[in-house]
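Novice: Following is a predicted model, sequence given first.
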Amino acid sequence: MTPGMRTSSFPGSVEDAVLDLALSVAPGGGSACVRFRPAAGYGGRRYAVYVNGRRAAAVQAREDETAAVNVAVTPGADISVHLEDLGDWIDPGYDPVFTARYFEELSAAQLSFAWNGLPEIVQRGDANGQLANWSIAGLKRCSNCAALPNWPTRALLGVELSDAAGVRTVTLYAGNAPVAHGSRTGDGVLALSEQKGSGVSGSVTVAYTSGAAKGAVFLEARWPGSYQLHYATAALNFPRTPETVSDDDGRSNRFRFSSAPLAAGLYHTAIVPMSDTGIAASAPVAQDVSVAEPPAPPPNLVYQSGNAAATVIAWTASATPGATYNIYASALNEPVNLGAPAATHGAGTGTLTQVLPASTGYPGLRRVIVRAISGGFEDQNANILRIEYDASGNVVPARPNAPHIRAISVSAGRTISVKALYHDAEADAAPQDALLFLVPESSALDYASPAASAAWSAPVAGVREATLSAVAAADGFYKVALRARTGGGTQDTNTDWERAYLSDDPPPAAANVEALASRG
């Protein structure tokens, strides 16, 4: 997974501004949750989420707070995730897919095609032959030309030709809306400029005799009905059977296709437009693309020993034989800089270890990523190992995730009951029990003295539940907080709390009571 930027974004790569990018796939596949946390200092920003090079979602995220969004995925398929910073203001039309696709090329084992279909321009009317050699650019169906009913690959432009004292004028219309216009003195090539931001421009050769009113002459734009996509490691010799055909349904002006995963190698590719009457373009658009299969990422990344002065990490060797490794380690409480490895490691088998450079400035959290390298390509995993140091530089045992308060209820006897939820995804350690903390609102929470504890339920789709109860000593407002604790006694670091009022006082008697007979 890779984070990605735009002109209103912070400078640099998003991968240096995002903490703890993680992906968890739902049981059975079909959907996944993408979570990340912008580093402090980046403010509230909007991020686009790309899955396998295609925009899947957009999410607003605050600095130093975890954001999450669900995306659709293909069950059982390889998944890559890319984040792109859309800036601190919202532009619904901004889609930096080119950046996502660039990152895809670094690790993808498949071919992705993207192209625009160009229409053929056919003139109708103009019996006097006053207009010729049309060149039109910027046509977009469902936007700046009128769709031809029952022909999704065709559209119409109305043409108006007039003359005033030897100045020839041509105007193009989509329905009744002018989309391009131009004038010149005398006959010859006349340039057409867009009107009202239509995006349509071009040129035409004028030989004026008597003009043409709007509606007498039309331009019919005919887009290809389909596109043949060819790709192979052997040279492409036409005619040949295409690997696939992409039909034009008239809904888009931009087309994309991604192949199934392919073996590594140099692929010769070509796109051949086909007319809606089955005629192939005379000149296929050809390009050579290298597909390199990235190495398998190394699993089981863990802290082993050494504390801050000489932290030792361990991982299992990549399944790709001969792979070497880049080890990336952040400064405390900072993102991982994926542009400069902190250390490298040679090829090996089984469990591999590496001593990291000494860390300073503790207490704090260090983030580590290990990536495999093979054939000049680095895998793109973002599997982060979080290592926490205390004020003395000693490693704190792995913590569980923070739980959430689902519901609070109070009852007589100043009794409070709290229903808690816990999500297993991407936890550094498994929780054993839930802890409830209850103190008067004017007091500080003491996380060494829980008011109650309860075991978590077995996880269902990665979610656990627990119910905790406690009794307050006196009437008043209280802080209610939750934490999770591991079997070794390590708590999460959540400091959020909610307010609750607990009291055994009876309510006052009702006033101004009237009891009357009534029919209803």
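Specialist: On my side now, so go ahead.

Novice: Might one say that residue 28 is in contact with residue 73?
Specialist: No. Using CB atoms under 8 Å, residue 28 is not in contact with residue 73, being 11.0 Å away. Heads up, the C-betas are built off the backbone N, CA and C, glycines and all.

Novice: Looking at the two, which is more packed in?
Specialist: Legend: neighbour count by other CB atoms under 10 Å for residue 28 and residue 73, higher for residue 73 (21 against 9).

Novice: Spit out the contact partners of that one.
Specialist: Contact analysis of residue 73 by CB atoms under 8 Å, 6 or more residues apart in numbering lists 25, 29, 30, 31, 32, 51, 79.

Novice: Most neighbours among those, please name it.
Specialist: Result: residue 51 is most packed of these (other CB under 10 Å), 22 neighbours.

Novice: how much space between the residue nearest to it when sequence neighbours are not counted and residue 29?
Specialist: The spatially closest residue to residue 51, leaving aside those adjacent along the chain, is residue 71, at 5.3 Å (CB to CB, 6 or more residues apart in numbering). Noted for residue 71: a distance of 12 Å to residue 29, by CB to CB, to the nearest Å.

Novice: Next: residue 166.
Specialist: Taking CB to CB, one finds residue 166 at 70 Å from residue 29.

Novice: same question, residue 339
Specialist: From residue 339 across to residue 29, the span is 33 Å (CB to CB).

Novice: Tell me which stretches of the stretch 301-450 of the chain form helices.
Specialist: For the stretch 301-450 of the chain, applying DSSP state H, counting those that start in this stretch gives no helices.

Novice: Stretch 283-297: which residues count as buried?
Specialist: For stretch 283-297, burial by neighbour count (16 or more other CB atoms under 10 Å) applies to 291, 292, 293, 294, 295, 297.

Novice: Same check on stretch 53-60?
Specialist: The neighbour-count check on stretch 53-60 (16+ other CB under 10 Å) flags 53, 54, 55, 56, 58, 59 as buried.

Novice: what pLDDT, on average, does that stretch get?
Specialist: Per-residue pLDDT over stretch 53-60 has a mean of 83.

Novice: same question, stretch 214-228
Specialist: 92.

Novice: Would you map the strands across the stretch 101-250 of the chain?
Specialist: Secondary structure of the stretch 101-250 of the chain, counting by DSSP state E, counting those that start in this stretch: strands at 112-116, 120-124, 131-137, 146-148, 151-164, 167-174, 177-185, 188-194, 201-206, 212-222, 226-232, 244-247.

Novice: Mind listing residues that contact the next helix or strand after the last one?
Specialist: Proceeding N to C from strand 244-247, the next assigned helix or strand is strand 254-258, under DSSP states H and E. Under the contact criterion CB under 8 Å, 6+ apart, strand 254-258 has outside partners 52-54, 110-117, 227, 229, 244, 246, 248.

Novice: Give me the buried stretch members for strand 254-258, please.
Specialist: 255, 257.

Novice: now stretch 307-316
Specialist: Residues 307, 308, 311, 313, 314, 315 are the ones in stretch 307-316 that count as buried (16+ other CB under 10 Å).

Novice: And for stretch 60-78?
Specialist: For stretch 60-78, a neighbour-count test (16+ other CB under 10 Å) marks 61, 67, 69, 71, 73 as buried.

Novice: just checking, the third one touches residue 49?
Specialist: What it means is residue 69. Yes. Using CB under 8 Å, residue 69 makes contact with residue 49 at a distance of 5.9 Å.

Novice: which residues do those two both contact?
Specialist: The contact lists of residue 69 and residue 49 share 34, 57, 59, where a contact means CB under 8 Å, 6+ apart.

Novice: In the record's domain split, what are the boundaries for this structure?
Specialist: Under automatic domain parsing, the residue ranges defining each domain of the chain are 2-108, 110-288, 302-389, 404-502.

Novice: For residue 512, which of these is the nearest?
Specialist: domain 404-502 (26.4 Å; CB to CB).

Novice: Pull up the distance across the closest one, start to finish.
Specialist: When the termini of domain 404-502 are compared using CA to CA, to the nearest Å, they are 21 Å apart.

Novice: chain center to that domain: distance?
Specialist: In terms of CA atoms, centre = their mean, to the nearest Å, the gap separating the centre of domain 404-502 from the centre of its chain is 34 Å.

Novice: Many thanks, I have nothing further to ask.
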